[in-house]
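Q: Predicted model follows, preceded by the sequence.
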Amino acid sequence: MSITRKWSAKRQRALEILVRLKQLYPVAPCTLRYETPVQLLVATILSAQCTDERVNQVTPALFHSFPDAAALANVDLAELATLVRSTGFYRNKAKNIQAACQMIVSQFDGQVPARMEQLLQLPGVARKTANVVLAHAYGINAGVTVDTHVKRLSYRLGLTEHTDPMRIEQDLMRLLPSQDWENWSIRLIYHGRAICKARNPACSACVLSDLCPSANPMQTNQVTDIPASVTT
Ligand code: SF4
């Protein structure tokens, strides 16, 4: 099969997967709680290696005391670290939040920039965080958010042969309509948590099994032939 036809077939399969995920998870909101772009940026930084539920437990007190970029830019770092401690990697996260907010104040007039290249200048902000902020704060689909679930499922579903998030994102952007880039990620995360778990995917209960090259209808054990780097 030519490369063009191979991508065309893969695109068709990706679209069918998208349709089924939309049926299965009709509503796909961002589960982080925030009121402003700055608060979404901070919550997204805190969500690294942490659940959204945990972040949502921490942010009300944080945003009550430090509601905007100016307040967070001038926060006492030790106090900020204490407030976000339960999200893990708290010293690093606190340092990045303060430094990002200082840059937002000094270079972007106190507003989170709405352009990818500017967002990527902020300390602690890589494409994953920037994609979330652009999509949910500004309605801009600049890319596909690739977290651990999106990485694992995209690989298992045969939509990428890569394990590097940047290359996975490029593959997914090639396969999916831009207006669905962000909701794809959210729905894949839902599916990863509910069905296609890292260690014990429930293929027999999966609506994607006939479209999935990794499917095992009798699946009760870990899917085989998957690099360890995409199952964690
Ligand atoms: S069929 Fe199995 S491996 Fe494929 S997406 Fe569903 S649960 Fe995951």
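A: Thanks, I have it.
Q: Pull up the residues of the protein that are close to the ligand.
A: 153, 156-157, 195-196, 201-203, 206, 208-209, 212, 214-215, 219, 223 (CB under 6 Å from any ligand atom). For the C-beta atoms, the positions are set from N, CA and C on the backbone; glycine is no exception.
Q: Need the contact partners of whichever helix in the chain runs longest.
A: Secondary structure of the chain read by DSSP state H shows that its longest helix is helix 3-24. With contacts defined as CB atoms under 8 Å, 6 or more residues apart in numbering, helix 3-24 is touched by 1, 157-159, 172, 174-177, 180, 183-184, 187-188, 190-191, 207-208, 211.
Q: Distance-wise, check residue 162 relative to residue 200.
A: 24 Å (CB to CB, to the nearest Å).
Q: who's more crowded, the two?
A: Neighbour count, other CB atoms under 10 Å: between residue 162 and residue 200, residue 162 has more, with 15 against 12.
Q: and the chain, what are its domains?
A: Following automatic domain parsing, one gets these domains for the chain: 3-27+145-230, 37-138.
Q: And the shortest one, end to end?
A: Separation of the first and last residues of domain 37-138 by CA to CA, to the nearest Å is 8 Å.
Q: any residues touching the strand or helix carrying residue 128, and which ones?
A: Using DSSP states H and E, residue 128 falls within helix 127-138. By CB under 8 Å, 6+ apart, the surrounding residues in contact with helix 127-138 are 30, 32, 36-37, 40-41, 44-45, 48, 112, 114, 116, 119-120, 125, 140-147, 165-166, 169, 181-182, 185.
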